[in-house]
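K.L.:
return atomic coordinates for the entry below.
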Amino acid sequence: MRTTRAMLLSALLALFFLLTGSCARRGPLRAPEEVRPEPIQDLRVRRVDREVELSWSRPQRSEAGRRLDEIAAFVVERQCLGQNDASFAPVTTLATGERGRFRKVRSYRYRHEVPQELLPCRYRIVSKTYDGYVSQPSNVVEIER
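P.N.:
The predicted model follows:
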């Protein structure tokens, strides 16, 4: 009798987990362009003493025009022409901390020191979501010597 009860309980638990296994999904699957952030269009650069300051607005929509809820991070990329860099390489990743926040930050700034011999340099930024979607690169800005 005890073995039958254990088997029945075990079968019920297996059925429960089978039927509720997809509860972690938030909703229906969506195409990548519906959740991938639109590219940043207003990246700006200026020199502040020995530092380079980048500033930009947070993307508000996805590539498909849907409201964008959360951005996990921004990846700042740089190409230094003074060092004959052929392509852009990541400089830093800036976490937004937006997950679960009601009020989102609307604009961002990033400063860092760049040795004179690396100049001129070009910068661009990509946005990342918590689900791992990455935007197309932003507009490219350049800082001269």
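
K.L.:
C-terminal to the one helix or strand residue 6 maps to, what's the next element?
P.N.:
Using DSSP states H and E, residue 6 sits in helix 2-20. Per DSSP H and E, helix 2-20 leads on to helix 32-35 as the next helix or strand towards the C-terminus.

K.L.:
and the helix or strand following that following helix, how far out from the chain middle?
P.N.:
Remark: after helix 32-35, the chain's next helix or strand is strand 44-48, criterion DSSP H and E. The chain centre lies 23 Å from the centre of strand 44-48; the measure is C-alpha atoms, centre = their mean, to the nearest Å.

K.L.:
list the buried residues in strand 44-48.
P.N.:
For strand 44-48, the neighbour count (16 or more other C-beta atoms under 10 Å) marks residue 45 as buried. For every residue, glycine as well, the C-beta is placed using N, CA and C.

K.L.:
which residues are in contact with that strand?
P.N.:
52, 53, 54, 55, 56, 111, 123, 141, 142, 143 (C-beta atoms under 8 Å, 6 or more residues apart in numbering).

K.L.:
cross those residues against helices and list the overlap.
P.N.:
Members of the contacts of strand 44-48 lying in helices (criterion: DSSP state H): none.

K.L.:
what is the nearest of the residues you listed to residue 81?
P.N.:
residue 142 (8.2 Å; C-beta to C-beta).

K.L.:
go ahead and confirm the closest one touches residue 121.
P.N.:
Yes: between residue 142 and residue 121 there is a contact under C-beta atoms under 8 Å: 7.0 Å.
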